[in-house]
Structure formats: structure tokens, C-alpha cells
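Student: Provided below for reference: sequence and predicted model.
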Amino acid sequence: MTRKISLTFLFAIAIFCVNAQTADEILAKYFENTGGLAKWKDVKSVKIEAKAPTPQGDFPIVIYSKAPNKTKVVVNVQGKELVQAAYDGETAWNLNPFAGGTDPVKLDEEQTKELREQEVEDSFIDYKKKGHEVALEGKEEIDGVQCYKIKLEKNKNNEKDDITEFIYFDTENYVPIMRKSFIRSGPMKGQEIQSYMSDYQEVDGLMMPFALEQKMNGNTISKVVIEKYSVNENIDDSVFAFPKK
């Protein structure tokens with residue numbers, strides 16, 4: 001009996017090690033096929049100019065990101081500037097002129113924490129040093145495309161902050177075509193959301209998706225068509241700063 005238990009235990013460990021190694025190999029292929037790990041590590045800022053097609057027309061969007069975790073999403077709606085979300089390294093805020101006010105509003109601690117954790121650097125880069133864990137969970141078909149399913153558990157060292165996502169990599173090109181995550185704040189907290197990435201094109205030696213779509217319960221909730229990426233452009237910190245009167 002003891003020998004059987006020991007062999008079973010060793011077999012389980014062997015399977016775990018193979019899966020862990022395979023997950024790392026997939027990630028290595030991902031970085032290799034999209035520009036190289038060194039080039040991705042060199043990304044310190046990204047500016048995205050895009051548009052969101054809606055029944056009311058195309059709304060221009062500009063997304064600013066600067067390492068380590070500064071961010072700002074600006075949407076132009078009928079000539080008015082809506083700051084959907086911004087984080088300057090200390091304060092998270094938004095500005096919605098359609099909510100009856102013209103002053104920026106600070107976000108609560110839960111929303112601030114969520115923005116604080118959205119780093120410019122890819123979560124898979126040096127993921128072990130960041131306290132994350134990855135695991136290969138087999139293959140799955142996404143919209144007719146065979147994919148490797150990678151489970152990403154962020155902040156695994158702190159169970160209270162554990163964030164689980166699933167990323168699906170095309171088995172042919174090793175690029176992510178879908179990310180499954182869960183809303184972490186607000187009235188829809190806990191709801192699953194699927195983010196689709198497609199139309200990959202080269203930008204300064206890196207492969208970037210130019211079409212983004214989000215779905216919930218099978219329904220599209222947003223679409224974004226990217227027109228331009230600017231990598232490592234000098235973005236002044238004042239862009240992200242909470243406006244002072």
C-alpha cells in the first residue's frame with residue numbers, strides 16, 4: 001500500500017512538472033513570436049489612438065499608459081471629453097460631464113486598487129518574481145481556433161488579493177486571442193467577461209492587436225478599433241494627474 005501511494009504521488013509530481021514546463025514553453029513562444037522578451041521589457045509607455053463604433057457613430061478614444069502603472073482612458077462623446085478612468089500613481093479618478101458635473105471625481109479604494117494593479121509590463125514577464133503562478137489547462141477551441149488555455153493567478157502569495165484569469169493562445173501563432181477575467185468592483189462584481197484580441201499587426205517590431213471586443217453572457221458590450229500605437233512616446237506625468245482647481 002505504501003509503495004502504491006508513493007508511486008502515485010511521484011507520478012502526480014511528474015505530471016505537474018511537465019505541465020509547468022509546457023506553460024513556460026508556450027509563454028516563451030508567445031514572446032518570441034511577438035517581438036522578443038527583451039523588446040517587451042523595454043516598453044515603458046504606450047499611447048493608443050482608437051475609435052469605438054456605436055449606433056450613434058464612432059467615438060474617438062485615446063488610452064495612455066506609462067510604467068509602472070499610470071493610466072488614463074479618454075473618450076470623446078459628441079464633442080465632450082469623458083475620462084473613463086485615470087490613475088496617476090496615487091489617485092484614481094474619472095470625469096463624466098454627462099453625469100451632471102464638470103469636476104473630476106476620486107474613485108473609491110476598491111476601484112483604485114484595481115487600477116493600481118494594472119501594470120504596463122505584461123503580467124507574464126518575470127511572473128514568478130511578481131508572485132504570480134501560471135498553469136497549462138489543456139487545449140480549448142475559441143471561435144473555431146484551437147488554443148492553449150493558460151491559467152494566470154496573480155498575487156498568489158496573498159490570498160486576499162488573488163486574481164484569476166484565463167488566457168487563450170492560438171496554437172499556431174502563440175498569440176493571445178481571448179482573455180477571460182472577472183469584474184472586481186461595482187454592482188457587477190464577480191461577473192465573467194471575455195476580451196477578444198485580433199487583427200495583429202507589427203508596431204515597432206512588436207505584434208499588437210488592432211481589434212478588441214468584450215463580451216458578457218455571449219453579448220458584445222464594447223468594440224474598439226485601434227488606429228495607431230505609439231510605443232515609448234514621452235508622456236508627461238501631468239497627463240495622468242488628478243486635476244487641481
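Tutor: Structure received. Numbers count the residues shown, from 1 in each chain.

Student: so where do the helices sit in this structure?
Tutor: 2-33, 37-41, 109-116 (DSSP state H).

Student: State the distance from S45 to K215.
Tutor: 29 Å (CB to CB, to the nearest Å). For the C-beta atoms, the positions are set from N, CA and C on the backbone; glycine is no exception.

Student: Low-confidence regions, the chain specifically.
Tutor: 1-21, 156-162, 245 (pLDDT under 70).

Student: what about the strands in it?
Tutor: 45-54, 57-66, 70-77, 80-87, 92-95, 105-106, 133-142, 145-154, 163-170, 176-182, 192-203, 206-216, 219-231 (DSSP state E).

Student: Would you mind finding the most buried of those strands?
Tutor: strand 92-95 (a mean of 20; mean count of other CB atoms under 10 Å).

Student: Can you tell me the strand partners of that strand and which way each runs?
Tutor: Using DSSP bridges, strand 92-95 pairs in its sheet with strand 80-87 (antiparallel), strand 105-106 (antiparallel).

Student: would you turn these into JSON lines with distance to S198?
Tutor: What follows is the strands paired with strand 92-95, written out as JSON lines (distance: least, CB to CB, whole Å):
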{"stretch": "strand 80-87", "distance to S198": "22"}
{"stretch": "strand 105-106", "distance to S198": "34"}
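
Student: Figure out which of those is closest to S195.
Tutor: strand 80-87 (15.6 Å; CB to CB).

Student: Next, the angle strand 70-77 makes with that closest one.
Tutor: Taking axes from the mean of the first three to the mean of the last three CA atoms, to 10 degrees, one finds strand 80-87 and strand 70-77 inclined to each other by 160 degrees.

Student: Enumerate the beta-bridge partners assigned to the closest residue to S230 other than its chain neighbours.
Tutor: Sequence neighbours aside, K47 is the residue nearest to S230 in space, at 4.2 Å (criterion: CB to CB, 6 or more residues apart in numbering). Judged by DSSP bridges, the bridge partners of K47 are Y64, S230.

Student: Name all residues that make contact with K47.
Tutor: Taking CB atoms under 8 Å, 6 or more residues apart in numbering, we find K47 in contact with 62-65, 229-230, 233, 235.

Student: Distance check, it against P68.
Tutor: 16 Å.

Student: One more: E165?
Tutor: 19 Å.

Student: Check N94 too.
Tutor: N94 is 21 Å from P68, by CB to CB.

Student: same deal with I183?
Tutor: From I183 to P68 the distance is 23 Å (CB to CB).

Student: Likewise for G190?
Tutor: 27 Å.

Student: So those two - more neighbours on which side?
Tutor: Neighbour totals were compared for G190 and P68, and P68 leads with 11 against 7 (other CB atoms under 10 Å).

Student: wouldn't the more buried one be in contact with V120 here?
Tutor: Yes: the criterion here is CB atoms under 8 Å, and P68 meets it with V120 at 6.5 Å.

Student: Phi, psi for the closest residue to Q78 other than its chain neighbours please.
Tutor: The shortest distance from Q78 to any non-neighbouring residue, by CB to CB, 6+ apart, is to Q56 (7.8 Å). Backbone torsions for Q56, taken as degrees, to the nearest 10, come to phi -90, psi 0.

Student: Tell me who's in contact with P243.
Tutor: P243 neighbours (CB under 8 Å, 6+ apart): 95, 104.

Student: Repeat that for Y174.
Tutor: Y174 neighbours (CB under 8 Å, 6+ apart): 26, 29-30, 32-34, 148.

Student: ok, 10 Å please
Tutor: The contact partners of Y174, taken as CB atoms under 10 Å, 6 or more residues apart in numbering, are 25-34, 147-148.

Student: if I look at the nearest residue to it once chain neighbours are set aside, how far off is I235?
Tutor: Once flanking residues are discounted, Y174 sits nearest to K29: 4.1 Å by CB to CB, 6+ apart. Here K29 is placed at a distance of 31 Å from I235 (CB to CB).
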